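Peer 1: quick one: sequence and predicted model below, then my questions.
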Amino acid sequence: MASAAAVRSESESESESKSAKIALITGITGQDGSYLTEFLLQKGYEVHGLIRRSSNFNTQRINHIYIDPHNAHKARMKLHYADLTDASSLRRWLDTILPDEVYNLAAQSHVAVSFEIPDYTADVVATGALRLLEAVRSHIASSGRSHIRYYQAGSSEMFGSTPPPQSENTPFHPRSPYAAAKCAAHWYTVNYREAYGIFACNGILFNHESPRRGENFVTRKITRAVGRIKIGLQSKLFLGNLQASRDWGFAGDYVEAMWLMLQQEKPDDYVVATEESHTVEEFLAVAFGSAGLDWKDHVVIDKRYFRPTEVDNLKGDASKAKKVLGWKPKVGFEQLVKMMVDEDIELAKREKVLVDAGYLDAQQQP
Ligand code: NDP
Ligand code: GDR
């Protein structure tokens, strides 16, 4: 990790010859951060990611694109320590990196966990977004760099109990501390756009998944279990409510929509969704079925995974994104499930080698 001063002198010395756009991403180590980084690097951007301090390395999803910064001319992705709970770090990196686009993806993003740590969730998700917006506003005020553009990672969870189909005009009715905090972040973003003329967009993204999805979200929890059951490392899968419906897309498709929002003439808010909804039970049937298994032989309902308030049915209306951004999803539901199952079977095979060699305990279920 380079210091702010070292990065500043490096950027200054390179800036005159450089025409590449610069992106700053919070949450770069997460699922979406990793896909967005790949997408932007491919477009020729220089990408700077803010990562938080952890006692273990938390860069597994971006290790494959990391190049040692000592190799300065090749490394187009750079990482810096910061935290959405630390306003000074946000302002310092904005002043140092001088980004053209800022993507705020960082969050305590697990809905069920937000009931356990509501205060922290609000601090990162709601106040964290406000800190970053305020850092952008004050950075623009002191530097005059008014062309800077801001993306806020909004969520279909904000619609909560409002029935589908949900569009940009659907009223919010959040059903968790996470969703309420995302509503606050949404309105902070709208307010900074209206009050200060900042080019700030809310993407209201429905669930999107991938082989890089965190292992305690239901889709990945299921596909990890399918892989491990298939290879003989596990036999049971404990789940909560199987009747909830979600509009599941592929994360790789959704990061393109984030970028497209920031390329428009005017800032606006957009729903991003596949417009198709499936229950958790349907996901189970397709996932187990694609590995030649029957989910009913393995799934056990465990009350601990039920939430105090549930979101029953999400199905987006993405007609505005289709019309204005020209965006549409490329990966369909069955293809997505199969992609995740196939990768998790390969992962389980590698795990089995370690189990057989005595390096890993098979009982340690993800
Ligand atoms: P992940 O949970 O995979 O990633 C979250 C990222 O935020 C990680 O990089 C994490 O770091 C980082 N982070 C958490 N707390 C802090 C903090 N205090 N300071 C700085 N960074 C922090 O989420 P996704 O990639 O799936 O989602 C990206 C964003 O989109 C999130 O805001 C999420 O709420 C939102 N969203 C996601 C949807 C989805 O279906 N995936 C749908 C709609 C919205 P670390 O790696 O160290 O944990
Ligand atoms: P969600 O995703 O809450 O929609 O939020 P998650 O995969 O956690 O839950 C989806 C549905 O599955 C039900 N469920 C279970 N969920 C989990 N995690 N574990 C279980 O064992 C289980 N059993 C059943 C849940 O009750 C729920 O109905 C995700 C996150 O990425 C958010 O950050 C994002 O904003 C929204 O998607 C859109």
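Peer 2: On my side now, so go ahead. Numbers count the residues shown, from 1 in each chain. Ligands and ions are numbered 1, 2, ... in the order given.

Peer 1: could I get the buried residue list for the helix or strand residue 353 falls within?
Peer 2: Using DSSP states H and E, residue 353 maps to helix 333-356. By 16 or more other Cβ atoms under 10 Å, the buried positions in helix 333-356 come out as 333, 336-345, 347-348, 351-352, 355. Backbone N, C-alpha and C define where each C-beta goes, glycine included.

Peer 1: of those residues, list those near ligand 2.
Peer 2: Among these, no residue sits close to ligand 2 (Cβ under 6 Å from any ligand atom).

Peer 1: just those: which has the poorest pLDDT?
Peer 2: Checking pLDDT across the buried residues of helix 333-356, the minimum falls on residue 355 at 93.

Peer 1: which non-adjacent residue is nearest it?
Peer 2: In space, and not counting its chain neighbours, residue 355 is closest to residue 362: 4.7 Å by Cβ to Cβ, 6 or more residues apart in numbering.

Peer 1: could you list the low-pLDDT ranges of the stretch 251-366 of the chain?
Peer 2: Within the stretch 251-366 of the chain, the segments meeting pLDDT under 70 span 365-366.

Peer 1: could you pull out the strands in it for me?
Peer 2: For the stretch 251-366 of the chain, applying DSSP state E, counting those that start in this stretch gives strands covering 269-272, 278-279, 299-301.

Peer 1: quick check: which of those is buried the most?
Peer 2: Of all the strands of the stretch 251-366 of the chain, strand 269-272 carries the top mean neighbour count, a mean of 25, counting by mean count of other Cβ atoms under 10 Å.

Peer 1: from ligand 1, how far off is residue 315?
Peer 2: The gap separating residue 315 from ligand 1 is 14 Å, by Cβ to the nearest ligand atom, to the nearest Å.

Peer 1: that residue: neighbour count?
Peer 2: By other Cβ atoms under 10 Å, 20 other residues sit near residue 315.

Peer 1: ok, back up a step: which other residues reach the helix holding residue 353?
Peer 2: The contact list for helix 333-356 (Cβ atoms under 8 Å, 6 or more residues apart in numbering) reads 209-211, 213, 219-220, 223-224, 226-228, 230-233, 248-250, 274, 276, 278, 283, 286-287, 290-291, 331, 360-362.

Peer 1: near ligand 2, from those residues?
Peer 2: Answer for the contacts of helix 333-356 near ligand 2 (Cβ under 6 Å from any ligand atom): residue 219.

Peer 1: what's the PyMOL line that selects buried ones from the contacts of helix 333-356?
Peer 2: Selection command for PyMOL covering only the buried members of these, criterion 16+ other Cβ under 10 Å:
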select buried, resi 209+210+211+213+219+220+223+224+226+227+228+230+231+233+248+249+250+274+278+283+286+287+290+291+331
